[in-house]
Each structure stands twice: as C-alpha cells, then as structure tokens.
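1. generate a structure from the sequence data that follows.
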Amino acid sequence: MISFFRDIWIALRNIYYVLAFSLITIYHVYRGQYNRAVTTKGARDYYAAKTLKSVLTYDVIHPENAVYRKGRCHILMSNHRSHYDIPLIMHALPGDIRFMAKRELLRVPIWGRASWVGEIVFVDRKNHEQALKDMGFAQKKMEDGLILWIAPEGTRSRTGKLNPFKKGGFMVALQTKAIIIPIGIRGTEKVLPADTWRTKLGEHVEVHIGKPIDTAAYSIEDRDALMEKVKEEIRVLGNYEA
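-> Next up, the predicted model:
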C-alpha cells in the first residue's frame, strides 16, 4: 500500500514538473522573451534534474564522444526503453537538445503548445506530404544549432529487444549530412517499464555514447546500410543480445 501511494506521488510530481516548465516556456514566448539557451538550461536543470532526483542515478560512459563540430548538424540516436529516457538524455548530454515526437502529441493540453514554441520537432507519420514539411523544419532547426535527438524505434520497446528502425530520421541525417552520435541507454526499463506507472527507485542506469558516424560519407542510396550500422552500434551500446 505504501508503494502504491509512493508511485502516485512520483507520477503527480512528474506531471507537475512538466506542466510548470511548459507554462513558464509559454509565458516567455508570449512576452517575447523566448531564449533558446535559457529554455535548454530550464529543461536540463529544472525539468530533467527534478524528474530524475531521488528516482535514479546514472553514469555517462565515454562522454568524450559527445563533442559537436562547429558548422555541422548533429543527431543523437538512441534506443528507447522508458519514459525516463527523455529527461535522462536531456540531463546527461550537452547542447541545445530537442527531441523528435509524433505530431499527435501536439494535442496534449499545455505541454503540446509549450513543446511547439520550445522548438520540439513534431512529425506526422500518417501524412507523407506533412511529414516532408516536418523534416524540412527539422533540417532548418539543426542548421540553426539545435541538436536533434531521435529514437529510431519510434516508440518504447516492450520486448527487451530493439524494435525495427524507422527511416525518417536517417533521411534527415543524410539530407543535412549530419553527424550521428549513437547512444545506448541501459537500465531505464527497470525504473519504469513500458505500459505501467509503477516506479522502482534506487536503480543505477548507464548512458553509453558511441563514436560519431559522419553521414557525409553516405549517399541516399546507402540509407539502408547506414541504418544497419547505427542499429548495430546501438545494439552493442545498449547491451542487447545479437
């Protein structure tokens, strides 16, 4: 019974942090005071830090691989095991990180609007024409300095194995000649598994950062080969079975 009320408290606390940060972001935008660096700092030091606090600890393995080259676009690609992956990536890695999400999430009250004005990239998976526009928007944001985080699986794994990778993020990478930084997250599925709200406290997780992959060495025709290379890197980094 105690653990039940604890889980409710954690869920409500996390919702509060999301709503509070969302309202602050919307307020700054409508006051004409939006600042990318300030929003990034708030996402990292307020939303992400408070969400992770007292829930989990983590180590970053090979942080030296998360170095961004001036004048180049960068995409972080990782596996996706838990809702805690989002605050973990935002807190563990440097840069103005924004993630790619499905366009349906724009309908979420308050959060959807805040995410849009806060430069989150939304992609319509059901409308090809809109998806192309969304990818163009992502490209402009990356060229303007944003670090885009993509979970190529598209959703959290429910099997303990990597889901098939979606092609959209790789097309953006090739079109912008981006540098892909593969990342393997280990352990967040123990903190909060998919399809549950029961949180296990005290887990220690790891963020394994792989060596950057320069897509300038690939053509559009090489897309499938690039996908397989990134998937294999993430498989190893995430400690999945072959």
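2. what helix or strand is Val172 located in?
-> Take DSSP states H and E as the rule and Val172 turns out to sit in helix 168-175.
3. and Ile220, how far from Asn79?
-> Distance from Ile220 to Asn79, counting by C-beta to C-beta, to the nearest Å: 25 Å. Yep, even glycine has a C-beta here, placed from its N, CA and C like the rest.
4. ditto for Tyr47
-> 22 Å.
5. which of the two has more neighbours?
-> Using other C-beta atoms under 10 Å, the more surrounded residue of Tyr47 and Asn79 is Asn79, with 28 against 22.
6. average pLDDT across stretch 145-162?
-> Stretch 145-162 shows a mean pLDDT of 89.
7. again, but for stretch 123-131
-> 82.
8. now do the same end-to-end measure for stretch 75-85.
-> End-to-end distance for stretch 75-85: 16 Å, by C-alpha to C-alpha, to the nearest Å.
9. no no, stretch 232-242
-> Per C-alpha to C-alpha, the first residue of stretch 232-242 is 9 Å away from its last.
10. where does pLDDT dip in this protein?
-> 1-2 (pLDDT under 70).
11. same thing but at 90, please
-> Scanning the chain for pLDDT under 90 picks out 1-8, 11, 33, 54, 100-106, 121-139, 154-161, 167-169, 192-200, 241-242.
12. that one: strands as residue ranges?
-> 56-61, 74-78, 97-102, 121-123, 147-150, 179-186, 203-209, 213-214 (DSSP state E).
13. those strands: which one's closest to Ala43?
-> Counting by C-beta to C-beta, Ala43 lies closest to strand 97-102 out of the strands of the chain; the figure is 8.0 Å.
14. and the angle from the closest one to helix 168-175?
-> 130 degrees (axes from the mean of the first three to the mean of the last three C-alpha atoms, to 10 degrees).
15. tell me the strands beside strand 97-102, with direction?
-> strand 121-123 (parallel), strand 147-150 (parallel) (DSSP bridges).
16. single out the most deeply packed of those.
-> The highest mean neighbour count among these, using mean count of other C-beta atoms under 10 Å, belongs to strand 147-150: a mean of 24.
17. okay, it in CSV with CA atoms only?
-> Written as CSV, here are the backbone C-alpha positions of strand 147-150 (Å, rounded to 0.1, in the frame of the first residue of the first chain):
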residue,chain,number,x,y,z
ILE,A,147,20.9,19.1,-31.5
LEU,A,148,18.2,16.7,-32.6
TRP,A,149,17.5,13.6,-30.5
ILE,A,150,15.7,10.7,-32.3
